[in-house]
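Undergrad: Just to be clear, the model below is a prediction. Sequence and coordinates:
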Amino acid sequence: MAASEDNDRIFDTSPEMQCWTQSGHPIVDGRYLDQNGTVREVEPNEWTVAGPPALDVYWSNRKVTLDLDYSQFRAIASSAFVDVTEYLARVGELLRATAGSCEIIALNATLYSVNVIVGTDLSQGAMRDLLFEHRLAPAH
C-alpha cells in the first residue's frame, strides 16, 4: 500500500482499496476534502474504512435467540477485495456447503457493498470459520 509522506501510518490507496473517512470522504495522500471543501489532514489515530473499489460487507443473523447464549452467530463486518459478482458466487458456494444450516433471509448487493441477512443456529466461531473457508470475510 502507498502511504502518505506526511504520516507513514496512514495507508490511503492500493490497487484493491481506497481508504475513506468515517464520514464518507476519500483519503488521498493523507488528506481529504470535508463537506465544506476544506482540505483536512487525517489524524494518526483516526479510524478509516475501506471504500471503492473494495466491497463493504456486512453479515447479520435474524435468528438470534433471546437467551444469554452469546456463542450464537450474531454479525460480522468486513471488507472484500474482489468484485461483487465473485463475492456473490462465493456466497452461493457457502450456502451449498452448509446444506440448509444457513439460509438467506435477505441479500442486498451494490457495486461496492454487500449486506447478507441470514437465519442460522450456527455459533459465532462456526460461522466465522465458514466465512473464512469460503473466502468471504475477509475476501481476497
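TA: Yep, that arrived.
Undergrad: Quick check: closest non-adjacent residue to W47.
TA: Sequence neighbours aside, Q22 is the residue nearest to W47 in space, at 5.8 Å (criterion: C-beta to C-beta, 6 or more residues apart in numbering). To be clear about C-beta, it is placed using only N, CA and C from the backbone, and glycine gets the same treatment.
Undergrad: Looks like the one you found contacts E43 (just checking).
TA: No: using C-beta atoms under 8 Å, Q22 is not in contact with E43; the gap is 11.3 Å.
Undergrad: All the strands of this structure, residue numbers only.
TA: Along the chain, the segments classed as strands by DSSP state E run 2-3, 11-13, 18-21, 31-33, 39-41, 48-51, 55-61, 75-80, 102-110, 113-120.
Undergrad: looking at these, which is closest to E93?
TA: With C-beta to C-beta as the measure, strand 102-110 is the member of these nearest E93 (11.9 Å).
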